[in-house]
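Undergrad: Sequence plus the predicted model coming up.
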Amino acid sequence: MPIRVNLDGILSRRGMTLSELSERVGITLANLSILKTGKARAVRFSTLDAICRALDCQPGDLLEWVDGEPDPARNDPLE
């Protein structure tokens, strides 16, 4: 997938664990782990807002588009 999630780096720079972030934003550790590993298929703006508030960052700090092959799991007729 051409969207990279940079949650690990931000957590490291903030000295925060995924468990701490989970407690602060009220999102399960399992769901944050799915997001962190790039396996999430979508993210709600409210979730992104909560994470950005807790980490004092911008959405662009968390998400990065990388040029590459489209995700073969997607069945998008526009691709």
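TA: On my side now, so go ahead.
Undergrad: mind listing the helices for the chain?
TA: 7-14, 18-25, 29-36, 45-55, 59-62 (DSSP state H).
Undergrad: Kindly reformat these as TSV containing distance to G68, mean neighbour count and mean pLDDT.
TA: The C-beta positions use only the backbone N, C-alpha and C, and glycine is treated the same way. Below are the helices of the chain laid out as TSV (distance: least, CB to CB, whole Å; neighbours: other CB atoms under 10 Å; pLDDT from 0 to 100):
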stretch	distance to G68	mean neighbour count	mean pLDDT
helix 7-14	19	14	96
helix 18-25	26	15	97
helix 29-36	19	16	96
helix 45-55	22	15	97
helix 59-62	18	14	96
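Undergrad: residues touching S33, list them.
TA: L18 (CB atoms under 8 Å, 6 or more residues apart in numbering).
Undergrad: Relative to V5, how far out is it?
TA: According to CB to CB, to the nearest Å, S33 and V5 sit 11 Å apart.
Undergrad: what do you get for A42?
TA: Taking CB to CB, one finds A42 at 12 Å from V5.
Undergrad: Neighbour count: those two, which is higher?
TA: A side-by-side neighbour count of A42 and V5, using other CB atoms under 10 Å, places V5 first with 19 against 6.
Undergrad: Spatially, what comes nearest to that one if we skip its sequence neighbours?
TA: G38 (5.1 Å; CB to CB, 6 or more residues apart in numbering).
Undergrad: What about that neighbour, how many residues nearby?
TA: The burial count for G38: 12, using other CB under 10 Å.
Undergrad: what does C57 give?
TA: C57: 16 neighbours (other CB under 10 Å).
Undergrad: Does it touch L11 like I think?
TA: No - in this structure, C57 is not within contact of L11 by CB atoms under 8 Å, at 10.3 Å.
Undergrad: what's the distance between stretch 60-68 and the middle of its chain?
TA: In terms of CA atoms, centre = their mean, to the nearest Å, the centre of stretch 60-68 is found 10 Å from the chain centre.
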